[in-house]
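Q: Return atomic coordinates for the entry below.
(one chain, ligands or ions: 2)
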Amino acid sequence: MNRENKNGKKVVCVVGTRPEAIKMAPVIRALREAGSSLGVRTLTLATGQHTDMLDGALRTFGLTCDHNLNIMRASQSLDHITTSVLAGAGEYFDATRPDAVLVHGDTTTTFAAALAAFYRHIRVGHVEAGLRSHDMGLPFPEEMNRVLTDRLAEWYYAPTHEASETLEREGVPRDRLWLTGNTVIDALRFILEKKGESGTGRYENEALSALAPGAPFILVTAHRRESWGEAMRRIARAASRVCEQVPGLWAVVPMHKNPAVRETIREILGGRERVVLCDPLDYADFVRCMADCRLILSDSGGVQEEASALRKAVLILRDVTERPEAVERGSGLLVGTDEDKIVNTAVSLLTDGGAMDRLLAKCDPQAFGDGHAAQKIATALLERL
Ligand code: UD1
Ligand code: UDP
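A: Numbering: from 1, shown residues only. Ligands and ions are numbered 1, 2, ... in the order given. Just a heads-up that it's a prediction; the model follows:
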């Protein structure tokens, strides 16, 4: 555990899962750059709620953590994540005595680390604050995690106007609230620029070589707790039927590491023709897949934002979304998990150019930000420190 820099100011950025790493990476980089000349040290605490999925995401951005609590267990419970992050982060904050803690989003790492900081009177900044589905069961437990984290925070970095207005309506004073855009757009730009520089047009992941070169494909991801079981089966069956109905169409399905997800996906899609089942992809490969595919089917939060920035149609496999901008001004269509509805909507978009054009006509690639969110967050935080 790192106890250096006792007299300077210190910020601890907490990450636990893949999306936190991707979305916090630009903030960590911006804080390190802007903070170093001001004597502000930026430390990264990984809770290890995810293992390889977290490490891989940090590596993509040239980052490693300063300390890892390594809490992950196979098929872990919410209680386990909450209690071990609360205790482990608390111990780390006692040892490092940060002046501020930054958390991201809505995971259980986010909430438990914010609570540990709050118990020590350490100021908490919440990146991606203010999103609401207004249904505590959807997404579960993320909606509650985000609401509770917003109660614990002192500083709020809202990714959209809607999120900022929600926080104001909930009583957050304007001088503690910044409209920054979503840092995922910064992350996406980082990858696109890096790929441009290297000039490579190939996927790194061997599994993707099974995909016939230039073949049209849909990209499918699903992992939400509320989709486990029957809903996940409907999603997988729908993906298979779409491939059967559209001649020559493939499906690329990077499977989340959660055994509850993988078993169901394998049960339905294993051994199917023109279906590539693979491990989670490195962020750069995944971004390339999003750019190259014909259509995305996903229940992911971050993918709704990235798809909109890339002007790529995305069927949102949820009943509600805390990101209404994806539907109103992005490239998203909310279809839920009804098998026939997914199939009919996907086939229509894939075979009727007019339907696809109409969906994308409303899409503003900057609906979630302009790619400068991390800089705005770093400036706001350093000013307050
Ligand atoms: C978590 C977050 C969710 C977020 C998602 C991003 C909570 C409650 N859930 O859900 O909000 O959308 O991350 O992906 O905070 N596993 C591995 N290796 C890994 C990661 C996971 O083996 O690198 C397996 C383990 O068996 C683990 C299981 O996946 O127990 C579930 O991980 P967990 O973080 O509890 O839930 P997620 O569904 O990943
Ligand atoms: N992602 C990735 N590889 C994959 C699938 C997703 O790098 O195989 C990225 C994706 O681009 C997005 C993030 O992971 O930035 C989303 O993570 P996830 O869907 O697990 O969580 P959520 O956003 O729903 O919380």
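
Q: what sits opposite K10 in the beta ladder?
A: Using DSSP bridges, the beta-bridge partners of K10 come out as R41.

Q: That one and R97 touch, don't they?
A: Yes - using CB atoms under 8 Å as the test, K10 is close enough to R97 to be in contact (7.1 Å). Where you see a C-beta, it was placed from the backbone N, CA and C, and this is true even at glycine.

Q: Which one of those two is surrounded by more residues?
A: Applying other CB atoms under 10 Å to K10 and R97 shows that K10 carries more neighbours, namely 23 against 13.

Q: Tell me how far that one lies from ligand 1.
A: Here K10 is placed at a distance of 25 Å from ligand 1 (CB to the nearest ligand atom, to the nearest Å).

Q: go on, G371?
A: As defined by CB to the nearest ligand atom, G371 lies at a distance of 22 Å from ligand 1.

Q: Would you mind listing the residues in contact with that residue?
A: Residues in contact with G371, defined by CB atoms under 8 Å, 6 or more residues apart in numbering, are G181, I185, D186, L188, R189.

Q: Please indicate which of those are buried?
A: With neighbours counted using 16 or more other CB atoms under 10 Å, the contacts of G371 contain these buried positions: G181, I185, D186, L188, R189.

Q: which phi and psi does V127 have?
A: Geometry field for V127 lists phi and psi as phi -90, psi 130, criterion degrees, to the nearest 10.

Q: Count the residues that sit near it.
A: A count of nearby residues for V127, using other CB under 10 Å, gives 28.

Q: cool, and the one 10 residues further on?
A: As a burial measure, the neighbour count of G137 was computed by other CB under 10 Å and equals 13.

Q: again with S36
A: Counted by other CB under 10 Å, the residues lying close to S36 total 11.

Q: if I look at it, how far off is A30?
A: Applying CB to CB, to the nearest Å, the value for S36 to A30 is 11 Å.

Q: Between the two ends of stretch 293-302, how far is it?
A: Across its full length, stretch 293-302 reaches 17 Å end to end, with CA to CA, to the nearest Å as the criterion.

Q: quick one: is it near ligand 2?
A: Yes - with CB under 6 Å from any ligand atom as the criterion, ligand 2 is reached by stretch 293-302 at S300, G301, G302.

Q: just checking, the second one touches A326?
A: Right, G301. No - with contacts defined as CB under 8 Å, G301 does not count as touching A326, sitting 9.4 Å away.

Q: Reformat the residues of stretch 293-302 next to ligand 2 into a markdown table and put pLDDT next to each item.
A: Conversion of the residues of stretch 293-302 next to ligand 2 to a markdown table gives the following (pLDDT from 0 to 100):
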| residue | pLDDT |
| --- | --- |
| S300 | 98 |
| G301 | 97 |
| G302 | 98 |
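
Q: Quick one: the helices in the stretch 251-385 of the chain, in order.
A: 259-269, 283-292, 301-309, 325-328, 339-351, 353-361, 373-384 (DSSP state H, counting those that start in this stretch).

Q: Just put those in a markdown table and tack on mean neighbour count and distance to T47.
A: Converted to a markdown table, those look like this (neighbours: other CB atoms under 10 Å; distance: least, CB to CB, whole Å):
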| stretch | mean neighbour count | distance to T47 |
| --- | --- | --- |
| helix 259-269 | 17 | 20 |
| helix 283-292 | 21 | 19 |
| helix 301-309 | 26 | 18 |
| helix 325-328 | 19 | 28 |
| helix 339-351 | 18 | 34 |
| helix 353-361 | 12 | 38 |
| helix 373-384 | 20 | 20 |
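
Q: closest one to A21 among those?
A: A21 lies closest to helix 283-292 among the helices of the stretch 251-385 of the chain, at 8.8 Å (CB to CB).

Q: which parts of the chain sit against ligand 1?
A: Counting by CB under 6 Å from any ligand atom, the residues of the chain close to ligand 1 are 17-19, 49-53, 72-76, 78, 81, 106-108, 141-142, 223, 257-259.

Q: So in the chain, where's the weakest helix or strand by average pLDDT?
A: helix 183-198 (a mean of 87; mean pLDDT, DSSP states H and E).

Q: the inter-axis angle of that helix versus helix 283-292?
A: Interaxial angle, helix 183-198 versus helix 283-292 (axes from the mean of the first three to the mean of the last three CA atoms, to 10 degrees): 90 degrees.

Q: hmm, who's touching helix 183-198?
A: With contacts defined as CB under 8 Å, 6+ apart, helix 183-198 is touched by 19, 22-27, 60-61, 104, 127-128, 159, 283-284, 287-288, 302, 305-306, 309-310, 366, 368-374, 377.

Q: now check stretch 276-286, is it near ligand 2?
A: Yes - using CB under 6 Å from any ligand atom, stretch 276-286 reaches ligand 2 at P280, L281, Y283, F286.

Q: Present the residues you listed as CSV; the columns should include distance to T42 and pLDDT.
A: CSV is the format used below for the residues of stretch 276-286 next to ligand 2 (distance: CB to CB, whole Å; pLDDT from 0 to 100):
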residue, distance to T42, pLDDT
P280, 27, 98
L281, 28, 97
Y283, 21, 97
F286, 26, 97
